[in-house]
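# okay, structure incoming, though there's no sequence with it:
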């Protein structure tokens, strides 16, 4: 406590001596400085906000920031995030991965490089249930990577396919990152539209990953998978569809207007519990303590980020930073496609060095006014943003999915990054398509919401 | 002494972990009740939304304190990896101290909000409005406790050294990242 209280005094001197124009410098400087020093990002956001509130000489700065933090998580649609994550954890702890892998095998197993194809398709389904690339890579990967190796696939290839495919979960609805985007956008963007917007880009990404995986598989002469007998296929399909109902409940509920996003996510949690406890019987009541504990951990990490990022966002808005960034970008070029190139480069760079949720929370309020100004739909921008940052999950130095894939495959990051090159290229091609062909994203939202 | 502190902190942590897990389950139940009253009884529950909004603040803020104790909040390992051991340990100690300071700020900033909203009542449930702000100082207090404990007994130094031995702060399934 003694030390804790002495460190506070520098702020009080800042309070009187520094002029208010220092605000942006303090906000970004303190934030970046603390992040570099390995302070948890959520805390760096909060402390930078406190420091800026002092520098700007706001009345009652401490109270003001605390108020912003509480307000930031006091939103009804925010409840979807804990519920999605909970439903996803229940499903993946309840052994959905193996069932989805068997299910995917029915459709694509017989192709050359069958297990790679199965990996991608299973990832698409799994992503639809959990919306998390890391959970996807670890659940699907821990089954698929050893299986692929046993069948004669190279280990680096198995890891490449697993982690690249797992990025589909970020785009395919329901994705809690899409909701974080909607929240960061300030409530003006409908969750239903962003969910629908993610479907075609997610599937397109999956198909492109399958294509590159197939090309490599043919070259290296990887085997075809096994065929499944009809009765077996029936059983597998029945079990998998029960699990796959979760994303349909959520997306269907929202689009039909029958449920709000929050309500449908709660229904999804109950459904996930019914399926795993009573139908699969893969979880027992005592297991639930572990499931809830795991969920609290993931959810509260995100919640604290949202709380402190909304204080940070409030400071950004108070100092008019979005307008400054907009002027700077537009002074380089006013041509939409050039601006989009710049935005993509900035986002890819941020994706490399930052984690996903904090980047969405910080970048959205700054860039959204700019992109709407040049005529980009917020839904289209959201999907672009998610894809950029999803690519960032696979890139060092900060790439959580990459790390998880390497840990599960027991292979060095350097080796994987080298073998990932054709996959990176594929993802960049997908990104270019999604950036410059808005229809890929906007077709479904425009179809369902007129 | 440290063992006594740890025993107390463990007890507190378990109590609050049970609280957050109960809150999570209750929030699902409350929203299910909202769905049932709206879809089946055609009269949406008036209190469900209000009470779940109070619970989400409690849940979100208090849940985040365990991440301080167990050090699983997202952070960037990259730059400190290049730092020699001694300065790295000192920086880790300062960062832990700053986290405790952030806890103090939450207490200092939260209590006035409680006092201001003491007399207000929430429209549907008639609960005191201050309920929404009580989690701020509670969270702050937990962060101070956990943060200070992290600094004691070489805790910060051990954490600084841990960069070399693991590849990611949360390389477990659902490790908080997406």
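Done, it's in. Remember, predicted model here, so these are calculated numbers, not experimental data. Numbers count the residues shown, from 1 in each chain, chains lettered A, B, ... in the order given.
# any idea which element residue A:330 lies in?
Taking DSSP states H and E as the criterion, residue A:330 maps to helix A:321-332.
# tell me how far that helix lies from the chain's centre.
Centre-to-centre, helix A:321-332 and its host chain are 27 Å apart (Cα atoms, centre = their mean, to the nearest Å).
# quick one: name whatever helix or strand follows that helix.
Trace forward from helix A:321-332 with DSSP H and E and the next one is helix A:336-353.
# what packs against whatever helix or strand comes next after that following helix?
Proceeding N to C from helix A:336-353, the next assigned helix or strand is helix A:356-373, under DSSP H and E. When contacts are defined as 3 or more Cβ pairs under 8 Å, 6 or more residues apart in numbering or on different chains; DSSP states H and E, helix A:356-373 sits against helix A:41-55, helix A:176-184, helix A:287-318, helix A:321-332, helix A:336-353, helix A:378-392. Where you see a C-beta, it was placed from the backbone N, CA and C, and this is true even at glycine.
# could you pull out the buried residues of helix A:356-373?
A:356-368, A:370-371 (16 or more other Cβ atoms under 10 Å in any protein chain shown).
# can you list the low-confidence ranges for the chain?
You didn't pick a chain, so chain A it is. Regions of chain A meeting the criterion pLDDT under 70 cover residues A:1-20, A:450.
# oops, chain B please
B:165-178.
# follow-up on the earlier one: between the buried residues of helix A:356-373, which is nearest residue B:156?
Closest approach between the buried residues of helix A:356-373 and residue B:156, by Cβ to Cβ: residue A:358, at 23.0 Å.
# how about the nearest residue to that closest one, chain neighbours excluded?
residue A:41 (4.8 Å; Cβ to Cβ, 6 or more residues apart in numbering or on different chains).
# residue B:6 now?
Spatial nearest neighbour of residue B:6, chain neighbours left out: residue B:149 (7.5 Å); criterion: Cβ to Cβ, 6+ apart.
# report the contact partners of the one you found.
B:5-6, B:9, B:69, B:155 (Cβ atoms under 8 Å, 6 or more residues apart in numbering or on different chains).
# mind putting those into JSON lines with secondary structure and neighbour count?
Below are these laid out as JSON lines (DSSP: H, G, I helix; E, B strand; the rest coil; neighbours: other Cβ atoms under 10 Å in any protein chain shown):
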{"residue": "B:5", "secondary structure": "helix", "neighbour count": "14"}
{"residue": "B:6", "secondary structure": "helix", "neighbour count": "14"}
{"residue": "B:9", "secondary structure": "helix", "neighbour count": "15"}
{"residue": "B:69", "secondary structure": "helix", "neighbour count": "18"}
{"residue": "B:155", "secondary structure": "helix", "neighbour count": "18"}
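# now these in a markdown table, with distance to residue A:389?
A markdown table is the format used below for the contacts of residue B:149 (distance: Cβ to Cβ, whole Å):
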| residue | distance to residue A:389 |
| --- | --- |
| B:5 | 40 |
| B:6 | 38 |
| B:9 | 36 |
| B:69 | 29 |
| B:155 | 33 |
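# what's the neighbour count on the residue nearest to residue A:358?
The number of residues packed around residue A:41, counting by other Cβ atoms under 10 Å in any protein chain shown, is 27.
# again with residue B:141
For residue B:141, using other Cβ under 10 Å, the count is 17.
# leaving out the residues flanking it, which one is nearest to the residue of the stretch 51-200 of chain A found nearest chain B?
The stretch 51-200 of chain A approaches chain B most closely through residue A:66 (3.2 Å), counting by Cβ to the nearest Cβ. Leaving aside its chain neighbours, residue A:66 sits nearest to residue B:109 (3.2 Å; criterion: Cβ to Cβ, 6+ apart).
# try residue A:137
residue A:166 (4.1 Å).
# look up how far residue A:37 lies from the residue nearest to the spatial centre of chain B.
Centroid-nearest residue in chain B: residue B:64, 2.4 Å away (criterion: Cα atoms, centre = their mean). Counting by Cβ to Cβ, to the nearest Å, the gap from residue B:64 to residue A:37 is 20 Å.
# how about the residues of the stretch 101-250 of chain A by chain B?
A:131-135, A:138-139, A:170, A:176-177 (Cβ under 8 Å from any Cβ of the partner chain).
# tabulate the residues you listed (TSV), appending neighbour count and secondary structure.
Converted to TSV, those look like this (neighbours: other Cβ atoms under 10 Å in any protein chain shown; DSSP: H, G, I helix; E, B strand; the rest coil):
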residue	neighbour count	secondary structure
A:131	29	coil
A:132	33	coil
A:133	32	helix
A:134	30	helix
A:135	30	helix
A:138	24	helix
A:139	30	helix
A:170	29	helix
A:176	25	helix
A:177	28	helix
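# just give me the closest of those to residue A:122.
residue A:139 (9.4 Å).
# would you confirm that the closest one contacts residue A:91?
No. Between residue A:139 and residue A:91 no contact is recorded; they are 9.4 Å apart, counting by Cβ atoms under 8 Å.
# mutual contacts of the two, please.
residue A:130.
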